[in-house]
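Visitor: What would the 3D arrangement of this be:
(2 chains)
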Amino acid sequence: MKSKNRLLLLLFMLAGSLALCLSLDAQQAMPSDAQLLRTYNASREISLVGTIVKYETASTAPPMGAHVTIQTATGQVDVHLGNAKVLEADHFTLNAGDSVRIVGEPMALGEGTYFAARIVQKGTQAVAVRNAKGFPLSPASTLTPAQKEALRGVR
Amino acid sequence: MRRLLTAAVAAASLWATACSPGHPAITPPPPSGNYTLASLSGQYAFISNGEVFTNGSSFPVPLVRVGSFTADGAGHITGGVEDVNTAGSVTNAVPITGGSYTVHPDGRGVLDLAFGQNTLEFGIVLTSTSDGLMIDETSTSSQASTGSGNFTKQDTASFAISTIAGSYVFDFAGLDGDTQSPCPCPESLIGQFTVANGVVNPGFFDDNDDGTLTSNASFTGTLSTDPLSPQEPITNSGRGIALIAGQNFVFYIVDASRVRFISTNLGMLSGDAVRQNSNFPLDVSGITGSFAFLVAGSSANGGLTRVGRFTAGNSNLSNLLVDVNDAGNEVQFNNLSNASITSYDGNTGRGTLSFSNGATTTFSFVFYLSSANDGVIQEVSGPSGTNTAIVVADGSILSQSGSPFTSSNVCSTWALEAQSPSLATVPAAPADSKTA
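Guide: Here you go, the predicted structure:
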C-alpha cells in the first residue's frame, strides 16, 4: 500500500513538473521580435496547459471571435480560438474549470499580443480551429462526406 | 429653492411628455425617388455570397450562388436559373420557376425567387435600372441563408460563345478544394486571359491558396456550352461552362465585356471577368494619377480588410494612405515608404507594387489592369523568397476622379454594400451612387 502511494506521489510530481515545464516553454518560446509575432509559423508552436477561467464565443475585442482565458502555472493567458461554430460543429464544449491543452503560438495584433490556438484538447477530444498556416477554420472544415453530399439540395 | 423645484418639475414634465408611451413615434418620411416596378425589367445576372443553415444543422457553411433571373417590369419574376456552390458541393442549373418583387421609389425593395415549393428572399436596392445590390434574407423550413451580392442587366444579344472575345481580367475568390482536413481554406485567383471562339490561349494567373503563392503562371482553357444541361442553352440565360487555370466553372454572360463565374470543382470560387479596355497601359508610364484600392480576405487573426489610396507616376507611388481592419483591430498607416510599382507587363496588364511601414513590414501586391482606370489586385505580403503569403486577400483598384473631395461634392444618394471580409468573394461593389 505504501509503495502504491509512493508511486502515485511520484506520478503527480512528474505530471506537475511536465505542466510547469510546458508553461515555462511557452514563455521562453515567445520571441521578442514583434515582427516575427505577426506571422504564424508552425515551427514556433508550443503547448499551453491550464484551467479555463472564462470562455467567450464571440468577443468583440480584437481578434474578434471565440476567446478563452486559461490559468496556467505561470499566469493567465488570453487564447483566441477563431470561429466558435467550429467547436460547436464538433460538439466540443468549454466551461470554466475545464482542464485544457492548447497547441498554438503567441501572435501580435496592434499593440497587444494573444495566443493563437491551432488545436484545442479537452480530455481525449481534440479539435483543430486553425490550419497549419494559421488561418482560422470555418465550420465547413468539419463536414463529413455525407454532410457535404447533403448540401447539394441547397438552393 | 422654489425656482429649483419649479425647474425640476418642468423638466420632469417635458421628459414625461416626450418619452411617454402615448407620445407619437417619429415617422420617417416616405421614400422618395423615381424608381418603379418598371425599373427592374429584363434579364439580370446575379451573384450572392454568404452562409447557409440547412434543415437540422446547428452551424452555417459558406455558400455562393450565381444565376440569371427575368423580371417583367410589373412585379413578377418569369423565370431564370442558378448554380449553387455550398462549401464545394455544387448544384447545377437549378430552374427559377417564378417569383415576385417590389420596388420603392428610392430603389429599395424585395425580390423573391421561387424554386418550385422553395422561395429565396432577397432585399434589394437598385443603383440604376441596369444594376443593383442584394442581400439574402431567406428563412424557410428547409434553409436559412445570409449573404450579399449584386445583379446586373444582361445583354441578351451577347448570349453566344463567340461574343466573348478578346482579353479579360478576372478575380475569383473564396475557398480552395483541399479535401485534406482541416480545410477548405481561403483562396484568391486573379489573372488575365485571351479568348476567341471559346479557346482560351494564352492565360496567366496568380494564385494565393492558403498562403501558398503561384505567380504569373500560364494556362490554356475553354469556354463552351454545357452539354449536361441541355434544358438551359446559352441562348436562354447566357449560361455556359469553362475551364480556367485548371479549374471548372459555370459562367453567365452579362454582356460582351463582363462574365460572371462560379467554380464547380476544386473548391468554391466566384467572381467576374472583365474585358480589358483598349486603353489599358502598355507600359508603366501609363499608370498615372490617383487610385483607391480595397482588398478583403483572411489573416491568421481572422477577417482582414485593407482600403487605401495612392498617387502613381513613373513607377513611384506617393501620398499613400491605408486603413486596415484586421479581425477588429483598426489601424491607419499614413507614413508609408519605399512605395513603388516594382514591375509591369504591358502585354497582360500584370504588375506588382509594394510599400513599407517603417523598416520591418513590407506590403506587396499583384494587380492586373483592365483599363488605365481600374483592375483587380491581390495581396502577396509575406517573407521574401518563400512564395508564401501571410494573408489571403484580394479586391479592386480604381482611379479616383472628382478631386479635391469636399463634403459637398460627395453629397449624393448612395447604395452601400458591406460583407464579412473572410467571405468576400463577390466582385467589389463598395458603394454605388444611385441614379433614378
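
Visitor: What strand or helix carries the residue positioned nearest the centre of chain A?
Guide: With distances taken as CA atoms, centre = their mean, A:I102 lies nearest the centre of chain A, 3.1 Å away. A:I102 belongs to strand A:99-109 when assigned by DSSP states H and E.

Visitor: Tell me the buried residues in the strand ranked longest in chain A?
Guide: Of all segments of type strand in chain A, defined using DSSP state E, the longest is strand A:46-59. Buried residues in strand A:46-59, counted by 16 or more other CB atoms under 10 Å in any protein chain shown: A:I46, A:S47, A:L48, A:V49, A:G50, A:I52, A:Y55, A:S59. For the C-beta atoms, the positions are set from N, CA and C on the backbone; glycine is no exception.

Visitor: And the average pLDDT for that strand is what?
Guide: Averaging pLDDT along strand A:46-59 yields 97.

Visitor: Return the distance of that strand from the chain's centre.
Guide: Its chain's C-alpha centre and that of strand A:46-59 lie 7 Å apart, by CA atoms, centre = their mean, to the nearest Å.

Visitor: Would you mind getting the angle between the helix or strand just after that strand and strand A:99-109?
Guide: Downstream of strand A:46-59, the first helix or strand assigned by DSSP H and E is strand A:65-72. Angle between the axes of strand A:65-72 and strand A:99-109 is 120 degrees (criterion: axes from the mean of the first three to the mean of the last three CA atoms, to 10 degrees).

Visitor: Would you mind confirming that A:K133 is in contact with B:N208?
Guide: No. Counting by CB atoms under 8 Å, B:N208 is not a contact partner of A:K133; they are 10.9 Å apart.

Visitor: Comparing these two, which residue is more hemmed in?
Guide: Comparing A:K133 with B:N208 by other CB atoms under 10 Å in any protein chain shown, the one with more neighbours is B:N208, at 28 against 22.

Visitor: so where do the helices sit in chain A?
Guide: A:2-28, A:84-89, A:145-150 (DSSP state H).

Visitor: Least confident of those, on average?
Guide: Of all those, helix A:2-28 has the smallest average pLDDT, which comes to a mean of 45.

Visitor: which other residues reach stretch A:56-65?
Guide: A:66-68, A:80-84, A:109-110, A:112, A:114, A:136, B:301-303, B:326-329 (CB atoms under 8 Å, 6 or more residues apart in numbering or on different chains).

Visitor: Quickly run through the sheet partners of the strand holding A:I102, with directions.
Guide: Using DSSP bridges, the strands paired with strand A:99-109 are strand A:46-59 (antiparallel), strand A:112-122 (antiparallel).

Visitor: Adding distance to B:G149, write these out as TSV.
Guide: TSV is the format used below for these (distance: least, CB to CB, whole Å):
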stretch	distance to B:G149
strand A:46-59	25
strand A:112-122	31
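
Visitor: Relative to B:L353, which of the ones you listed is closest?
Guide: strand A:112-122 (28.9 Å; CB to CB).

Visitor: mind checking how far the closest one is from the chain centre?
Guide: Strand A:112-122 has its C-alpha centroid displaced from the chain centroid by 4 Å (CA atoms, centre = their mean).

Visitor: average model confidence for that strand?
Guide: Per-residue scores along strand A:112-122 average to 96.

Visitor: tell me which residues in that strand are buried?
Guide: Under the neighbour-count criterion of 16+ other CB under 10 Å, strand A:112-122 has A:Y114, A:F115, A:A116, A:A117, A:R118, A:I119, A:V120, A:Q121, A:K122 buried.

Visitor: which residues touch the second one?
Guide: The reference is to A:F115. A:L48, A:V77, A:D78, A:V79, A:H80, A:I102, A:G104, A:E105, A:P106, A:M107.

Visitor: before we move on, what about the fifth one?
Guide: For A:R118, the contact set (CB under 8 Å, 6+ apart) comprises A:A42, A:E45, A:V103, A:G104, A:E105, A:A128, A:V129, A:R130, A:N131, A:A132, A:G134.

Visitor: same question, A:S138
Guide: So A:S138 contacts A:N83, A:K85, A:V86, B:V61, B:P62, B:A87, B:L175, B:P184, B:S422 (CB under 8 Å, 6+ apart).

Visitor: who does the fourth one bridge with?
Guide: Translated: B:V61. Here B:V61, judged by DSSP bridges, has bridge partners B:V52.

Visitor: Give me the neighbour count for it.
Guide: If we define neighbours as other CB under 10 Å, then B:V61 has 28 of them.

Visitor: Where does pLDDT dip in the stretch 251-400 of chain B?
Guide: B:359 (pLDDT under 70).

Visitor: Can you pull the residues of it lying near chain A?
Guide: B:298-303, B:326-329, B:331, B:360-361, B:382-383, B:390, B:392 (CB under 8 Å from any CB of the partner chain).

Visitor: Quick one: mean pLDDT over stretch B:419-431.
Guide: Averaging pLDDT along stretch B:419-431 yields 47.

Visitor: Repeat that for stretch B:224-241.
Guide: 97.

Visitor: Now do that stretch: everything it contacts.
Guide: Counting by CB under 8 Å, 6+ apart, B:43, B:45, B:67-68, B:80-81, B:83, B:92-93, B:95, B:154, B:156, B:158-161, B:198, B:223, B:242, B:248-254, B:264 sit against stretch B:224-241.

Visitor: now that stretch, how far from the centre of its chain.
Guide: Relative to the centre of its chain, stretch B:224-241 is centred 24 Å away, using CA atoms, centre = their mean.

Visitor: what's the span of it, first residue to last?
Guide: In stretch B:224-241, first residue to last residue: 5 Å (CA to CA, to the nearest Å).

Visitor: Give me the buried stretch members for that stretch, please.
Guide: Neighbour-count burial for stretch B:224-241 [16+ other CB under 10 Å]: B:T225, B:D226, B:S229, B:E232, B:I234, B:N236, B:S237, B:G238, B:R239, B:G240, B:I241.

Visitor: again with stretch B:391-402
Guide: B:V391, B:V392, B:A393, B:D394, B:G395, B:S396, B:I397, B:L398, B:S399.

Visitor: Return the residues in contact with the residue nearest to the first one when sequence neighbours are not counted.
Guide: Across the structure, with CB to CB, 6 or more residues apart in numbering or on different chains as the measure, the residue nearest B:V391 apart from its sequence neighbours is B:S299 (4.6 Å). By CB under 8 Å, 6+ apart, the contact list for B:S299 reads A:F135, B:D326, B:A327, B:I390, B:V391, B:A393.

Visitor: if we go to 10 Å?
Guide: By CB atoms under 10 Å, 6 or more residues apart in numbering or on different chains, the contact set of B:S299 is A:38-40, A:63, A:107, A:109, A:134-136, B:186, B:211, B:305, B:324, B:326-327, B:329, B:379, B:381, B:389-393, B:421-422.

Visitor: what ranges do the strands span in the stretch 1-150 of chain B?
Guide: B:41-54, B:61-72, B:77-86, B:89-96, B:98-103, B:108-115, B:118-126, B:131-136, B:143-153 (DSSP state E, counting those that start in this stretch).

Visitor: do the helix or strand just after the last one and chain A meet?
Guide: Put plainly, it is strand B:143-153. Moving toward the C-terminus from strand B:143-153, the next helix or strand (DSSP H and E) is strand B:166-176. Yes. Using CB under 10 Å from any CB of the partner chain, strand B:166-176 reaches chain A at B:L175.
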